[in-house]
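K.L.:
return atomic coordinates for the entry below.
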Amino acid sequence: MEKFFKFAYIFKEYIIFFIAIILSFFLLITNENEQVEFLQVKLIDFSGKIKQNFIWMNAAVNAIDENRELREKVLYLNLENIHLKDTELENQRLRSMLYFKKAKSLKYLSADVVSKGFHQIVNSLQISAGINDGIEKNIPVITEKGLVGKIFIAGKEYSLVQMMKDVNFRVSAKILRKEAAGIVKWKTDDIFEMTNVPKSFDITVGDTIITSGYSKIYPPDIPIGIVSEVSNNILGMSKKISLKTFVDFTSIQEVFVIVSGVKSEFTLK
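P.N.:
Numbers count the residues shown, from 1 in each chain. Just a heads-up that it's a prediction; the model follows:
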């Protein structure tokens, strides 16, 4: 539908010109016959509705573009917010200044979600970007709210995304407030869990979880979710941590694919 609106808007002058020629042909008829006059009135009304629809389509196209720009701004602000929290905690704990040297912006491209559940084995999204757009297998996919998953299969024009909400998905993460590292994976329904976090760390409900940067796939500081439950009443040396992701996987309509390598410096478009 968006492509139709843009096509019609781009060629509106030609379409209106064609309609104007037809209208002019009939207006040349000066016969006062009632049937001719009735036809003239109908043609005038018809041409007016066509022009009015072009105005509506122009507004719709502008609204779509503005919505995409707003999503990009929200993405940038969320990533910058994580950076500011990270920097503040680094100052409080008098850690090294390495995080100040990190590039906090990302080079990405946007893509629409075409379908969901396309793959029979992997919980996936099909998106409107592929190899021709610079997409490769195993590169991160996010929204303006946080991590979605990674590219599972890259076609020439379309790709499949393995979502976090998949039994085989794993991502290295850390608790922002404590820098406690662990592995995030899907558990059931909308509940995820973070494993391998030692009991010695003071983790509380509401703590923010982000990517750790210890992976070759995911850059650091991408928002994942918040801690929803913490328990020490289990065997072993690790805590039982449940979390809720920032992304609502049932309502994703557009994603951003990070197209630069994890080790390279990211640049926000």
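
K.L.:
which residue ranges of this structure form helices?
P.N.:
According to DSSP state H, the chain carries its helices in the segments 2-10, 12-27, 34-92.

K.L.:
quick check: the gap between Lys156 and Asn81.
P.N.:
Computed with CB to CB, to the nearest Å, the distance linking Lys156 and Asn81 is 36 Å. To be clear about C-beta, it is placed using only N, CA and C from the backbone, and glycine gets the same treatment.

K.L.:
pLDDT on stretch 144-151, on average?
P.N.:
Averaged over stretch 144-151, pLDDT sits at 93.

K.L.:
what of stretch 188-195?
P.N.:
92.

K.L.:
got it, and stretch 157-165?
P.N.:
Here the average pLDDT along stretch 157-165 is 94.

K.L.:
show me which residues of it are buried.
P.N.:
Using 16 or more other CB atoms under 10 Å as the burial criterion, the residues of stretch 157-165 that qualify are Tyr158, Ser159, Leu160, Val161, Gln162, Met163, Met164, Lys165.

K.L.:
compute the first-to-last residue distance for that stretch.
P.N.:
24 Å (CA to CA, to the nearest Å).

K.L.:
who touches that stretch?
P.N.:
For stretch 157-165, the surrounding residues in contact (CB atoms under 8 Å, 6 or more residues apart in numbering) are 111, 114, 118-119, 122-130, 132-133, 135, 141, 147-153, 168-169, 171, 184, 186, 190, 192, 224, 245, 247, 249, 255, 257.

K.L.:
what's across from the closest residue to Ala129 other than its chain neighbours in the sheet?
P.N.:
Closest residue to Ala129 apart from its sequence neighbours, by CB to CB, 6 or more residues apart in numbering: Ala111 at 3.8 Å. Counting by DSSP bridges, Ala111 is bridged to Val255.

K.L.:
how much space separates Ala111 from Ser238?
P.N.:
From Ala111 to Ser238 the distance is 37 Å (CB to CB).

K.L.:
among the two, which residue is more densely surrounded?
P.N.:
Ala111 (22 against 16; other CB atoms under 10 Å).

K.L.:
noted, bye for now.
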